[in-house]
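# got a predicted model here, sequence first, then my questions.
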Amino acid sequence: MKRITKNITAIALGVSMIVTMSGCEAFRKTNNGKANLSWYMKLTDDNEKPLTIEGEGTLAAVALEGGYSTEFAIVRGKQIFLNLSMVQREIDPRFYYNEASKLVMFTNATTIYETKIASSEISGETVDYVTSILDGETCYVNIEFLKKFIDFKYKYVKAEGKTPARVSLSYKQGAATVMTVDDDIEMRTGGNYQNLIVAEIPEDSKVTVIEESKNWNLVRTEDGLVGYLPVSELSDKKTEKRTYKTDEKEYTHKTMDGQVSLVWHLVTNMTANGGLGDKLKGVKGANVVSPTWFSIADGKGNLKSIASTLYVAKAKSEGLQVWPLISDLDEKGAKASKKVLKSNTARRNMVDSLMYFAEQHHFDGINVDFERVTEDMAQDYLQFLRELSIECRNRGLVLSVDDYVPTAGTAYYDRKQQGLLADYVIVMSYDEHATSEDGAGSVSSLNYTEQSIKDTVAEVVDESRVINGMPFYTTAWIETPVDVSDGSGTYVTDSVNGDYYLTSQDISMDTAKELYQKAGATPVFDENTGQNQVSYQDGKKFVIIWLEDETSVKSRLELMKKYSLGGAAYWCLGQESSDVWNVIQEYFK
């Protein structure tokens, strides 16, 4: 009887362990199945069918700092080629492939290096490897070509049995957590023992921790195996400082002695240049003017210019630097910009033309305002900025770039890279509510402005070269009841006041004041937006305006001060009320 009791007790204890142990620990080592490593290392499609290439060579998995890349490497003999898109995204964005000319380029602070596909020559220098190849339409660059310009480490491991060949890349600066494996242990595809086995990791192996958790850590071995190991089998936790040589110090930046106070000047023809003197009357605290002088004339990169030497002389006599603006906003320029940016010849013609005009008219800088860049143009646009930055740096010109408020949909503008290339990055913190489809609201509420500043600084890193752009205009929102509307605008259902059509009209500060004073309305402070707000009845229509005035300008300049920004910019000259310059002057003495 004692023996039977003992067995029953053991069974009961086993059941208790299964019930009480958390997660899948109760099933320790119940799954001894091995993973299909070709699938796991992303060398197959979703159906585990092996990926293939059109040309010669074999495939190798790529172990990045955070796990396996979805893009493989191609190995030809002893030469290893990495997918250029992966290189741009993960290692260094300054490598660029121009499909039209079949050129691979690397651009640093001073020089553009070029190599043709399948060539062993880089800008006239012969090397002992093929710099790049195409597989189909995809560009791959030789790992030795990359190492010629940037510092990183790699380890190539040949295929062995069912374990694929792989390239392990190390390139991230900063602290890394390293631990030691206490005993021979199976690495798993997930954080429990039910997951498949990747490989057996020998005792005393060093692993770099990618993600830490309570029971399992995601780690990478020195030879590029990535997977999960139980925390209980890891010890000797250390922090290693990993450094790689960079050339960031070569990117010198020309900045003003104090903060920038830039006002954009909307100029549409040569005659309008003559009105600068009148526009500047009453202006206080500004130190830069940016006239809208340049747009793209055609697909060859020629420019439409309304630049004026007399304008520059007048501005400088008033103590203002001149940073003319080039944009892609006019209809012709918008259509041509994609063609220009994607052509090496046209893009460089545009850069050369800007430098020609800068020399002829004695500019102090250039302001780039390309707002119609789509994601498929992003690499070409950034290459334009690289090439322009070299020329501006050589000539002592200030380069500033205008950007939308950061969103997921505009991440491809790569503000971090812009911060390296440009002297100033200007965030256009307005158009929060730009059309009736957005609904009525502020052009730039205080919370919206502050968030745009914080997000931009987080990407650019150097807050002293971030400039906050603010509006000198506002929007009158007009609600027209359905029974008196012509049907224009956005239809809005309102069960309390009745349905209406919402339309909007951009107006200057003074026009807004004239409208509400004529209606006998009094502004009230709206804490939600941090602005004065006014609303009034206009016949059967209802009008609401979030005002741009001394209050809103002051609040945004306080944000400039709070975040130690490089300055402020204002769109645009002539839309402001004269009293705001008294506020601005207080911040730019």
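Cool, got the structure.
# ok, Ala284 touching Asp579?
Just to correct that, residue 284 is Lys rather than Ala. No. Using Cβ atoms under 8 Å, Lys284 is not in contact with Asp579; the gap is 10.4 Å. C-beta coordinates here come from the backbone N, C-alpha and C atoms, glycine included.
# more neighbours: those two, which one.
Comparing Lys284 with Asp579 by neighbour count (other Cβ atoms under 10 Å), the higher total belongs to Lys284, at 16 against 12.
# for that one, list the residues it contacts.
Trp581, Asn582, Ile584, Gln585 (Cβ atoms under 8 Å, 6 or more residues apart in numbering).
# and the gap between the residue nearest the centre of the chain and Arg89?
Against the mean C-alpha coordinate of the chain, by Cα atoms, centre = their mean, the closest residue is Asp414 at 2.7 Å. As judged by Cβ to Cβ, to the nearest Å, Asp414 and Arg89 stand 10 Å apart.
# please apply the same query to Phe384.
From Phe384 to Arg89 the distance is 19 Å (Cβ to Cβ).
# who has more neighbours, those two?
With neighbours defined as other Cβ under 10 Å, Phe384 and Arg89 compare such that Phe384 has more, 23 against 13.
# elements contacting the host helix or strand of the more buried one?
Assigned by DSSP states H and E, Phe384 belongs to helix 378-395. With contacts taken as 3 or more Cβ pairs under 8 Å, 6 or more residues apart in numbering; DSSP states H and E, helix 378-395 sits against strand 95-98, strand 103-107, strand 112-116, helix 331-341, helix 344-361, strand 365-369, strand 398-403, helix 415-421.
# contacts only, for Ser232.
Asn215.
# check Gly487 too.
Tyr501.
# now do the SS call for it.
coil (DSSP: H, G, I helix; E, B strand; the rest coil).
# residues touching Ile133, list them.
So Ile133 contacts Gly55, Ile74, Arg76, Phe81, Ile117, Ala118, Cys139, Tyr140 (Cβ under 8 Å, 6+ apart).
# select, out of the helices and strands packed on helix 378-395, the one closest to Ser308.
Nearest to Ser308, of all the helices and strands packed on helix 378-395, is helix 344-361, at 7.1 Å by Cβ to Cβ.
# hmm, who's touching the closest one?
In contact with helix 344-361 (Cβ under 8 Å, 6+ apart) are residues 98, 100-101, 103, 294, 296, 299-303, 305, 307-309, 312, 324, 326, 339-341, 363, 366, 380, 383-384, 387-388, 391, 395, 397.
# mark which of the residues you listed are buried, thanks.
Neighbour-count burial (16 or more other Cβ atoms under 10 Å) applied to these gives 98, 103, 294, 296, 301, 303, 305, 307-308, 312, 324, 326, 339-341, 363, 366, 380, 383-384, 387-388, 391, 397.
# shouldn't Gly489 be in contact with Gln505?
No. Using Cβ under 8 Å, Gly489 makes no contact with Gln505, being 10.8 Å away.
# just want to know which of these two has more residues nearby.
Using other Cβ under 10 Å as the criterion, Gly489 and Gln505 rank with Gly489 on top: 19 against 13.
# remind me which residues of the stretch 251-400 of the chain are low pLDDT?
Judged against pLDDT under 70, the stretch 251-400 of the chain has no low-scoring part.
# follow-up on the earlier one: CSV please, covering the contacts of Lys284 and showing pLDDT and distance to Leu276.
Putting these into CSV (pLDDT from 0 to 100; distance: Cβ to Cβ, whole Å) gives the following:
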residue, pLDDT, distance to Leu276
Trp581, 98, 16
Asn582, 98, 21
Ile584, 98, 18
Gln585, 98, 19
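# save the residues you listed as TSV, and put in neighbour count too.
Formatted as TSV, the contacts of Lys284 follow (neighbours: other Cβ atoms under 10 Å):
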residue	neighbour count
Trp581	19
Asn582	13
Ile584	21
Gln585	14
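# pretty sure Val167 is in a helix, no?
No. Counting by three-state DSSP, Val167 is not part of a helix but strand.
# that one: neighbouring residues, count only.
Val167: 22 neighbours (other Cβ under 10 Å).
# from here on, call the first residue 25.
Will do, 25 is the new start, and the previous item becomes Val191.
# that one against Leu88, yeah?
No. Judged on Cβ under 8 Å, Val191 makes no contact with Leu88 at a distance of 9.7 Å.
# need the overlap of contacts for these two.
With Cβ under 8 Å, 6+ apart, Val191 and Leu88 have no common neighbours.
# what's the closest of the helices and strands packed on helix 402-419 to Asp507?
Using Cβ to Cβ, these put helix 355-365 closest to Asp507, at 37.2 Å.
# got the end-to-end distance for stretch 444-461?
Counting by Cα to Cα, to the nearest Å, you get 36 Å between the two ends of stretch 444-461.
# now, the contacts of Lys308 that are in helices?
Trp605, Asn606, Ile608, Gln609 (DSSP state H).
# can you give me the distance of the spatially closest residue to Ser588 that is not a sequence neighbour to Gln441?
Closest residue in space to Ser588, ignoring its immediate chain neighbours: Glu487 at 5.3 Å, by Cβ to Cβ, 6 or more residues apart in numbering. Distance, Glu487 to Gln441, using Cβ to Cβ: 17 Å.
# also Phe105?
Counting by Cβ to Cβ, the gap from Phe105 to Gln441 is 24 Å.
# same question, Lys359
Where Gln441 is concerned, Lys359 sits at a distance of 26 Å (Cβ to Cβ).
# which one's more surrounded, those two?
Between Lys359 and Gln441, Gln441 has the larger neighbour count (other Cβ under 10 Å), namely 18 against 14.
# residues near the spatially closest residue to the more buried one that is not a sequence neighbour, how many?
Excluding the flanking residues, the one nearest Gln441 by Cβ to Cβ, 6+ apart is Pro117, at 5.4 Å. By the measure other Cβ under 10 Å, the count of residues near Pro117 is 18.
# so Pro117 is in contact with Leu409, correct?
No. Counting by Cβ under 8 Å, Leu409 is not a contact partner of Pro117; they are 11.1 Å apart.
# so what sits against both of those two?
In contact with both Pro117 and Leu409: Gln441, using Cβ under 8 Å, 6+ apart.
# ok, back up a step: closest one to Lys262 among the helices and strands packed on helix 402-419?
It's helix 439-445; of the helices and strands packed on helix 402-419, that one is closest to Lys262 (Cβ to Cβ) at 29.3 Å.
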